[in-house]
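Okay, sequence plus prediction incoming.
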Amino acid sequence: MIKSINPATLELLGEVEETPIDNLENIFKNSRIAQKEWQKVPLKKRARTIVTVNKIISEQSEEISQLISSEVGKPPSEAFVNEVYGAIDSTFHYYNRVHDYIGKEKKIPLGFYESLDKKSILLRKPVGVICVIGPYNYPFTIPFQQIVQSLMAGNSAIFKPSSETVLVGKKIQEIFDDINLPLNLVQTVFGSGSKLGNPLIDNANKVLFTGSTATGKHIMQRAARTLTEVTLELGGKSAMIVFPDANLDRAVKAVRWGIFTNSGQVCASVKRLYLHSSIYDAFLRDLVKATRQLKQDIPSKPNVDVGAMINEEQLNLVEEMVNTGRQEGAKVLIGGRINPNLKGYFYEPTIMEAQDNNLKIVQEEIFGPVLVVLKFNKEDQVIEMVNNNQYGLTSSVWTNDIQFGKKIAEEINTGSVMINEVVYTFALSSTPWGGTKNSGIGRSHGEIGFHEVTRPLHINIDQYDKPDLWWFPYDSDFDDIVENFKTIASSLVLKDSEN
Ligand code: NAD
């Protein structure tokens, strides 16, 4: 049995049975049977069936938010806004837009070949069985959206939630069980990644993975054996740059939320803050003051801002990294310890000042409520500091000069750059989500996300009534044809005046 523990109170919430590895063969067999039937259902009808989950989620939104809160340790109001609302909003968006994204036949121009009565069209088809492997930090909205996209596109889904959040995983399965889907179209398996991971990767047509970079690399290595496709949404060390002309009041509140929401357990948390030297002292003073006002407590209590971390192991990892920072010479301005007043896994909101961009605490992901602050003078210098990192998920540029902000954004190597915003674009179901470098491969959400759960099918149609010019025999007529091709080729070169 896998036990579920409330990380804020350490109470046992419940338990679920582990899925025996031997069951996986049947699970995949049944998934393939369900998928074959489901892909025949017209796209509009599939979308209409899936969007009915919204009624169920809306009716149970309170209960689901409480469940997420108790299993992850975040306030229920935060769980509602960031997870439950997120799932509903994205499902409705996909229901409205999926036909535009993947339902339309696209004609592909063929140039010269069209004169020979040939044409090409592009369709998008389901890939088959998609395995969704979820993280613990957003255990509802992340896998939910991936399952919705997979199903609308005509795939079946096998879902493995994190072992830390099995009850939320079970809830997701119940929601899909409550709508009118073919039997076994969505199946949830429970167990550790080390046991279930390899057979899932070996047998799926595609893996949508969200989690740490280390696990993502393992998945990609394993997937190479079977050439199973992968989308990897991995770790981050997002940076926020504040220029002196920015709205500093808003920027202080943004970074406070951007690092401490969900106890800093967000892939896109603002982990690195780069402040221009002219505003450095005043901004930090305001930020520390604002951070002191945050209320950390058991998240079921009223008006709690910051709850608990997921487990003791993660709590200790954060403590270790903060101590490493101290040894590296970084100064703790606030926090810097496990909360001594609470018995659950609470780490105090922490701000550290670092003098050197190469410190371990600046370079590595600390998956907890720890902000590292650095000073800069010039824009080239700060771009270099931001880019000098193994991760590339998101970044954030603060300035009132939007043209200047865009210029900086284009030089930053991350999947998304927000100008005067932090973190929230994950909630946008229409815009691509994903990272560069060690933050992953591929994109979720929107049209590009749908491309990841479909395969392009190119159909070439020929209505030429004679043999093609390039077919045998290679006789004297063929020599003339070659000359014609040479003439055409010479017309496909830019004239000197066009260079
Ligand atoms: P994790 O890598 O420990 O676990 C994620 C999932 O992978 C879990 O379901 C786990 O059981 C499974 N897993 C573990 N070993 C496996 C294996 N060998 N084969 C297959 N599956 C395996 O990550 P986590 O601690 O749950 O999540 C935190 C990490 O996720 C952070 O690094 C965070 O930045 C990242 N994250 C990224 C995004 C994003 O969109 N880029 C979103 C959320 C979290």
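Looks like it arrived, so ask away. Numbers count the residues shown, from 1 in each chain.

alpha carbons only for contacts and neighbour counts from here, please
Fine.

CA atoms of the helix or strand that contains Ile351 as PDB?
Assigned by DSSP states H and E, Ile351 belongs to strand 350-353. Written as PDB, here are the backbone C-alpha positions of strand 350-353 (Å, rounded to 0.1, in the frame of the first residue of the first chain):
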ATOM      1  CA  THR A 350      14.100  32.700   3.000                       C
ATOM      2  CA  ILE A 351      16.000  35.500   1.100                       C
ATOM      3  CA  MET A 352      19.700  35.200   0.600                       C
ATOM      4  CA  GLU A 353      22.100  37.800  -0.800                       C
END
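
Are we agreed that Pro467 is in a helix?
No: counting by DSSP: H, G, I helix; E, B strand; the rest coil, Pro467 falls outside a helix, being coil.

can you count the residues close to it?
Here the number of neighbours of Pro467 (other C-alpha atoms under 10 Å) works out to 8.

Relative to the ligand, how far out is it?
Distance, Pro467 to the ligand, using C-alpha to the nearest ligand atom, to the nearest Å: 52 Å.

Over to that residue: give its phi and psi.
Pro467 adopts backbone torsions of phi -60, psi 150, taken as degrees, to the nearest 10.

still on that earlier bit, not counting its own residues, what contacts the helix or strand following the strand holding Ile351?
Using DSSP H and E, the helix or strand that directly follows strand 350-353 along the chain is helix 360-363. The contact list for helix 360-363, computed with C-alpha atoms under 8 Å, 6 or more residues apart in numbering, reads Lys237, Arg272, Met321, Val322, Thr324, Gly325, Ala354, Asn357, Val372, Asn389, Gln390.

For the stretch 151-300 of the chain, just list every one of the strands.
With DSSP state E, counting those that start in this stretch, the ranges of strands along the stretch 151-300 of the chain come out as 156-160, 186-188, 206-210, 229-233, 238-242, 270-276.

about what we covered before: which PyMOL command selects the buried ones in the contacts of helix 360-363?
Buried subset of the contacts of helix 360-363, written as a PyMOL selection, criterion 16 or more other C-alpha atoms under 10 Å:
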select buried, resi 237+272+321+322+325+354+357+372+389+390
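
who in the stretch 51-200 of the chain is up against the ligand?
Contacts of the stretch 51-200 of the chain with the ligand, taken as C-alpha under 6 Å from any ligand atom, map to 133-136, 160-163, 192-194, 197-198.

Show me just the buried residues among those residues.
Ile133, Gly134, Pro135, Tyr136, Lys160, Pro161, Ser162, Ser163, Ser192, Gly193, Gly197.

Tell me the residue of the stretch 1-150 of the chain that sits nearest the ligand?
The stretch 1-150 of the chain approaches the ligand most closely through Pro135 (3.5 Å), counting by C-alpha to the nearest ligand atom.

pLDDT value on that residue, please?
Note for Pro135: predicted pLDDT of 98.

SS state for it?
Under the three-state scheme (three-state DSSP), Pro135 adopts coil.

Just to check, it is in contact with Thr213?
No: contact criterion C-alpha atoms under 8 Å: Pro135 and Thr213 do not qualify, at 11.8 Å.

for Phe28, helix, strand, or coil?
Of the three states, Phe28 takes helix under three-state DSSP.

Any idea how far apart the tips of stretch 202-215 sit?
One end of stretch 202-215 to the other measures 15 Å (C-alpha to C-alpha, to the nearest Å).

Val382 is in what secondary structure piece?
Element membership for Val382 (DSSP H and E) is helix 379-387.

for the next helix or strand after that helix, packing partners?
Using DSSP H and E, the helix or strand that directly follows helix 379-387 along the chain is strand 391-392. In this structure, strand 391-392 makes packing contacts with strand 436-437, judged by 3 or more C-alpha pairs under 8 Å, 6 or more residues apart in numbering; DSSP states H and E.

What's the first helix or strand after the strand it packs on?
Later in the chain than strand 436-437, the nearest helix or strand by DSSP H and E is strand 440-441.

And for the helix or strand following that next one, what's in contact with it?
Sequence-wise, the next helix or strand downstream of strand 440-441 (DSSP H and E) is helix 446-452. With C-alpha under 8 Å, 6+ apart as the test, helix 446-452 has contacts from 94, 98, 101-102, 124, 149-150, 153, 231, 429-432, 442-444.

Going by distance to Pro456, which of those residues wins?
Among the contacts of helix 446-452, Arg124 lies closest to Pro456 (C-alpha to C-alpha), at 4.7 Å.

and that closest one, what are its bridge partners?
Following DSSP bridges, Arg124 is listed with bridge partners Pro456.

just so I know, which of the strands of the stretch 151-300 of the chain lies nearest Asp305?
Closest of these to Asp305 is strand 270-276, at 16.6 Å (criterion: C-alpha to C-alpha).

For that closest one, which strands pair with it and how are they oriented?
When pairing is defined by DSSP bridges, strand 270-276 lines up against strand 238-242 (parallel), strand 370-376 (parallel).

what's the domain layout of this protein?
Under automatic domain parsing, the residue ranges defining each domain of the chain are 2-234+445-456, 238-428.

How far does the strand holding Ile351 sit from its chain's centre?
Its chain's C-alpha centre and that of strand 350-353 lie 27 Å apart, by C-alpha atoms, centre = their mean, to the nearest Å.

still on that earlier bit, let me have the contacts of helix 360-363 in a markdown table, extended by pLDDT and distance to Ser278.
A markdown table is the format used below for the contacts of helix 360-363 (pLDDT from 0 to 100; distance: C-alpha to C-alpha, whole Å):
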| residue | pLDDT | distance to Ser278 |
| --- | --- | --- |
| Lys237 | 98 | 24 |
| Arg272 | 99 | 18 |
| Met321 | 98 | 29 |
| Val322 | 98 | 27 |
| Thr324 | 98 | 29 |
| Gly325 | 98 | 25 |
| Ala354 | 98 | 17 |
| Asn357 | 98 | 19 |
| Val372 | 98 | 18 |
| Asn389 | 98 | 25 |
| Gln390 | 98 | 28 |
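
what's the most distant pair in the residues of the stretch 51-200 of the chain next to the ligand?
Maximum pairwise distance among these (C-alpha to C-alpha): 19.4 Å, between Tyr136 and Asn198.

Where does the prediction get shaky in the protein?
Scanning the chain for pLDDT under 70 picks out nothing.
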